[in-house]
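# Sequence and predicted structure are below.
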Amino acid sequence: MAYPTPPPDGPDMETESTHLLPPPEDLAFEPHEKILVLDVESVDEMAVPPFSWKKLWFFTGPGLLMSVAFLDPGNLEGDLQAGAIAGYSLLWLLMAATAMGLLIQTLSARVGVATGRHLAELCREEYPRGVGLALWLMAEVALIGADIQEVIGSAIAIHILSNGHLPLWAGVLITASDCFFFLFLENYGVRKLEALFAFLIGTMALSFALMFGDTKPSGKELLMGLLIPKLSSKTIRQAVGVVGGVIMPHNVFLHSALVQSRKVDPEKKGQVQEAINYYNIESTFALVVSFIINLCVTTIFAKGFHGNSQTGTIGLVNAGQYLDEKYGGGLFPILYIWGIGLLAAGQSSTITGTYAGQFIMGGFLDLRMKKWLRALITRSFAIVPTIVVAIVLDKSEASLDILNEWLNVLQSMQIPFALIPLLTLVSKEKVMGVFQIGPSLEVIDSLTHSFLQFTC
């Protein structure tokens, strides 16, 4: 059901509604929180206006938040393990997984825009209660696993940047406070939150690009790794970790909710199609950037550590130290560049994890509670086990890295529990109307699902 919003009273690109309608259900975004894009209200019911750079700019944002899940500490762990153990040979899989992730995320956005509901809400409405609860539990398991990686990654970065003075458990507590910062920032509008993520992604890109330049990987081997598929029995765990790190179940639920931050009337087909087009463009751009960052990290460790004595011992905790020993300090020591990039990855992904947790719990369970309370509850689900992990494994770098690898494998195992509902619902005319996917796209989706099942 679409809730009416007042028409724009001027030519401003972004307005705030002064009328709050009490919604009968828990919405992803209240009407007054949504961004009004210029002329979107005047779009004819069927016509799609020509492309506009201004409109693309104001539709840009949800894809940035979505792309963070492709860049979290779990991804970095998978990247460095793939590079150190498999060299350049899994770059083709990283590219294929990112392309499949893009297809999945565009379908997630399509569901959110066309129905005005996010995926967790639709699962609650379309599936029997028992099935819905089972899907919720699987989504929570995947989210907790991802959150442990994200918080631990931030804690490791804080440990590195403090010269080892702060233990992991202290870094976990510092990182846990980000949910309150997130709630504070959210009060100032979704565009401020999106600007923060643009800054964090830019920080990651700059950090890892500097490292890429310092290590000077082989261009020929990089190109061969991208174009020639290879998979050895010795690198199966790393391959599964690459897929699990890139395609994350909670991100499917998150993106379908984020796209509702723009005012689009699901009853007007022209508006819906226009929004889908712009979201497809911005999602593609965001994931191309994420792929380049992941590519840089993988090739850095492929060049520096593949085939040497450190291959089996390198991980998030000691990667910066190994890089520093191999490539030296200089004006900007590579150890701290690694720490800054890791901190940006951890902080951005923990905030989106909190966001995703709110939508997943609220959508599946139909919870009506204040956002700060729901954020606190969903944060506690991950922080408590993470503190336990940090205390137990504080001095065991090898165990921490093995845990991170297996958490990537866990993400791979949870993919079908998000992907099957998405593909089922996006193919239903009753749910999607004229925006259900066609036969050709269904075939591609089926092939994608089959490939993911095979690799996972």
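Yep, that arrived.

# the strands in the protein, which residues?
For the chain, applying DSSP state E gives no strands.

# Wait, G363 touches H250, no?
No - with contact defined as C-beta atoms under 8 Å, G363 does not reach H250; the gap is 11.8 Å. For glycine as for every other residue, the C-beta is placed from the backbone atoms N, C-alpha and C.

# who are the neighbours in contact with the residue nearest the centre of the chain?
Closest to where the C-alpha atoms of the chain average out (C-alpha atoms, centre = their mean) is A69, at 2.1 Å. By C-beta atoms under 8 Å, 6 or more residues apart in numbering, the residues touching A69 are A146, M248, H250, N251, L254, S349, T352.

# Give me the local confidence score for it.
Note on A69: pLDDT of 90.

# Also the one 10 residues further on?
At D79 the predicted local distance difference test score is 91.

# Repeat that for E442.
Reported pLDDT for E442: 57.

# G339 too?
The model's pLDDT for G339 equals 90.

# go on, L102?
What the model reports for L102 is a pLDDT of 94.

# Now do it against G353, distance only.
Between L102 and G353 the computed distance is 21 Å (C-beta to C-beta, to the nearest Å).

# do the same with V190
In terms of C-beta to C-beta, V190 sits 17 Å off from G353.

# So which of these two has more stuff around it?
The neighbour comparison of V190 against G353 (other C-beta atoms under 10 Å) goes to G353, with 32 against 20.

# Spit out the contact partners of the more buried one.
Counting by C-beta under 8 Å, 6+ apart, G353 has contacts L143, A146, D147, E150, H250, A382.

# Would you map the helices across the stretch 151-300 of the chain?
Assigned by DSSP state H, counting those that start in this stretch, the helices in the stretch 151-300 of the chain fall at 168-176, 178-186, 190-215, 219-227, 236-246, 249-258, 269-305.

# Find the residue closest to G116 in space, skipping its chain neighbours.
Of all residues not flanking G116 in the chain, P266 sits nearest, at 4.3 Å (C-beta to C-beta, 6 or more residues apart in numbering).

# what's near enough to touch that neighbour?
A2, V113, A114, T115, G116, V272.

# just curious, which of those is nearest to L376?
G116 (27.4 Å; C-beta to C-beta).

# count of neighbours near that closest one?
19.

# ok, now how distant is it from F253?
16 Å.

# What of Y127?
From Y127 to F253 the distance is 14 Å (C-beta to C-beta).

# Look at those two and report which has more neighbours.
F253 (31 against 17).

# surely that one meets G363?
Yes - at 7.3 Å, F253 counts as touching G363 under the criterion of C-beta under 8 Å.

# any common contacting residues for these two?
H118, L119, A120.

# quick one on the thing from earlier: could I have the PyMOL command that selects the buried members from the contacts of P266?
Only the buried entries of the contacts of P266 go into this PyMOL selection, using 16 or more other C-beta atoms under 10 Å:
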select buried, resi 113+114+115+116+272
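
# residues contacting L425?
L425 neighbours (C-beta under 8 Å, 6+ apart): V111, L119, L122, C123, E126, V431, M432.

# measure the last one to V272 for me?
In this case it means M432. According to C-beta to C-beta, M432 stands 10 Å off from V272.

# Then the fifth one?
When distances are taken as C-beta to C-beta, E126 and V272 turn out to be 19 Å apart.

# list the residues that contact both of M432 and V272?
A114.

# ok, L226 - contacts?
L226 touches L91, W92, M95, counting by C-beta under 8 Å, 6+ apart.

# Quickly name whichever of the contacts of P266 is closest to G304.
Nearest member of the contacts of P266 to G304, counting by C-beta to C-beta, is V113, at 43.3 Å.

# Does that closest one touch E274 like I think?
No - judged on C-beta under 8 Å, V113 makes no contact with E274 at a distance of 9.5 Å.

# Could you tell me how many residues sit around L373?
L373 has 10 nearby residues by other C-beta under 10 Å.

# With the one 4 residues further on instead?
For I377, the number of neighbouring residues by other C-beta under 10 Å comes to 14.

# List the contacts of it.
Neighbour list for I377: M361 [criterion: C-beta under 8 Å, 6+ apart].

# any idea how far it lies from R368?
Counting by C-beta to C-beta - I377 and R368 are separated by 13 Å.

# try E325
Taking C-beta to C-beta, one finds E325 at 54 Å from R368.

# These two - which one has more neighbours?
E325 (13 against 10).

# from the contacts of L425, which would you call buried?
V111, L119, L122, C123, V431, M432.

# Go through those and say which is closest to F305.
Nearest to F305 among those is L119, at 39.1 Å by C-beta to C-beta.

# List the residues that contact the residue lying closest to the closest one once chain neighbours are set aside.
Distances taken as C-beta to C-beta, 6+ apart place S256 nearest to L119, at 4.3 Å, with adjacent residues excluded. Residues near S256 by C-beta under 8 Å, 6+ apart: S108, A109, V111, G112, R117, H118, L119.
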